[in-house]
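>>> sequence first, predicted coordinates after that:
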Amino acid sequence: MIRTVIYGGSFDPVHKGHEAIINNLADRFDEVIVVPTSISPFKRDNKAAPPELRLKMLLSCDFKDNVTVSDYEIAKKGCSYSIDTVKHFSRSDRRLYFAIGSEGARSVHKWRCVDELMRLVTFYVIKRPGYDESVLSEEFEYADFCGEDISSSEVKVAVAMNRADGLVCERVGEIIKSYGLYDDYAKYTASYPVFGLKKERIDHTFRATIEGIKLAKRYDVDVKDCTIALIMHDIGKYATPQLLEKYSIPVPKCDDLPVECRHAEYGAAICRYYFGLPDNIVEAVRTHTTCGMDMDALGEIVALADYIEPGRSFSGVEEVRKAASISLALAMELMLKKTIDYLKAQNKYIAPITERVYRKYTEINRGTHYGTNQNTQS
């Protein structure tokens, strides 16, 4: 019996993490069939690169000899369902496995004809670093290797910031450049020189955005909204009232805020009046420093990602990182406490809103609800 594993996905784009998974699968199975989707049932509203270009990127990669890249779903067109793909590749001499990531394993119950699918294949789950072992299920078989901590969402940000070289192979990078793919966020990063963002601030923004994407996926928050909010969260860092007026942006009244926090109000004004971004993103940018009483999960993630991004190394940040992997509300309480304690120790001004928000989260975590978004209670 031939042990065959199917590995499907949008591969939008295929990155080095995908390549490592495929080659690891090739070492463990007789056959690996890589199947890029035409349209994923879970990503119908997302703008993806054309199917033929995603296929081209996959075919340009250097895979092992027992790896086949199939155009079955792309040639079939329309929405891709795994049950149809599995039936297509079923043969009497094959024992079929279906490789999925740990995120996919959490949502597999939503798949079409999942009961029939589980009779036809063994789900082979590839864990990511930091995977919560408590959610392991005996229904699945688990790989003896971990996937790399890279996602296609992160690659798109890296493309917008000219940092994709380490995330995709050279041939894939060339295809991305030659076809002008993944320019979703380019108009936002193009505004960095307009508003005087310095290199170290751009570096921080990139790290915070990648951190925010991970949190957004963990807590089921819209990844694109989170990405835009974090790409823009420090856009007002070096803005002046004169610069805002130059671009017909109303200057916010924020004299009651510490100087270090005013950039959040300036950034929110830029988001609203220069880019016309929606209220949820504007508010997430506005509250990422002082925080706010009505923060939703998006706002919480932007504030936390700004605080815990990998470049931060101050005392206590690791505690907040750990809390963020458990609960947004717990992480918010801990972050605010540490911020307030630091400001008090430095004899610095503390915005009253920050202390009120801290008290709110202490009450939430003790079980008193303030009508906050339930995503904070994860």
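Received the coordinates, thanks. Residues are numbered from 1 along each chain as shown.

>>> tell me who's in contact with Asp183.
159-160 (C-beta atoms under 8 Å, 6 or more residues apart in numbering). C-beta: built from backbone N, CA, C; applies to glycine.

>>> pLDDT below threshold where in the stretch 51-200 of the chain?
For the stretch 51-200 of the chain, the stretches with pLDDT under 70 are 130-136.

>>> state the three-state secondary structure for Val5.
Classification of Val5 by DSSP: H, G, I helix; E, B strand; the rest coil places it in strand.

>>> which residue ranges of the stretch 51-200 of the chain form strands?
Secondary structure of the stretch 51-200 of the chain by DSSP state E, counting those that start in this stretch: the strands cover 67-69, 94-101, 122-127, 141-146.

>>> so which of those strands gets nearest Leu230?
The minimum distance between Leu230 and the strands of the stretch 51-200 of the chain falls on strand 94-101, with 22.5 Å, by C-beta to C-beta.

>>> what comes up buried for that closest one?
Neighbour-count burial for strand 94-101, counted by 16 or more other C-beta atoms under 10 Å, picks out 96-101.

>>> then stretch 101-119?
101-102, 104-105, 108, 111, 117.

>>> so what touches that stretch?
41-42, 81-83, 86, 98, 100, 123, 125-128, 131, 135, 137, 139-140, 147, 217.

>>> name the residues that touch stretch 280-287?
The contact list for stretch 280-287 (C-beta under 8 Å, 6+ apart) reads 225, 228-229, 232-233, 235, 264-265, 267-268, 271-272, 292, 295-296, 298-299, 301-303.

>>> does the nearest residue to Pro241 once chain neighbours are set aside lie in a helix or a strand, and which?
The spatially closest residue to Pro241, leaving aside those adjacent along the chain, is Val251, at 4.5 Å (C-beta to C-beta, 6 or more residues apart in numbering). Using DSSP states H and E, Val251 sits within no helix or strand.

>>> spatially speaking, which residue is in the middle of the chain?
Ile213 (2.2 Å; C-alpha atoms, centre = their mean).

>>> wasn't that one part of a strand?
No - membership of Ile213 in a strand is not supported by three-state DSSP, which gives helix.

>>> my guess is it meets Val223, correct?
Yes - applying C-beta atoms under 8 Å, one finds Ile213 in contact with Val223, separated by 5.9 Å.

>>> mutual contacts of these two, please.
Joint contacts of Ile213 and Val223 (C-beta under 8 Å, 6+ apart) are Ser153.

>>> now the terminal residues of stretch 317-333, how far apart.
13 Å (C-alpha to C-alpha, to the nearest Å).

>>> report the mean confidence score over that stretch.
On average, the pLDDT along stretch 317-333 is 96.

>>> number of nearby residues for Lys337?
16 (other C-beta atoms under 10 Å).

>>> which stretch of helix or strand covers it?
helix 328-345.

>>> three-state assignment of Leu298?
At Leu298, secondary structure determined by three-state DSSP is helix.

>>> and the closest residue to it other than its chain neighbours, which of the three is it?
Spatial nearest neighbour of Leu298, excluding adjacent residues (C-beta to C-beta, 6+ apart): Ala284 at 5.0 Å. Under three-state DSSP, Ala284 falls in the helix class.

>>> OK, contacts around the closest residue to Glu319 other than its chain neighbours?
Distance criterion C-beta to C-beta, 6+ apart; nearest residue to Glu319, sequence neighbours excluded, is Leu334 at 6.1 Å. Neighbour list for Leu334: 319-320, 323 [criterion: C-beta under 8 Å, 6+ apart].

>>> I appreciate the help and will end here.
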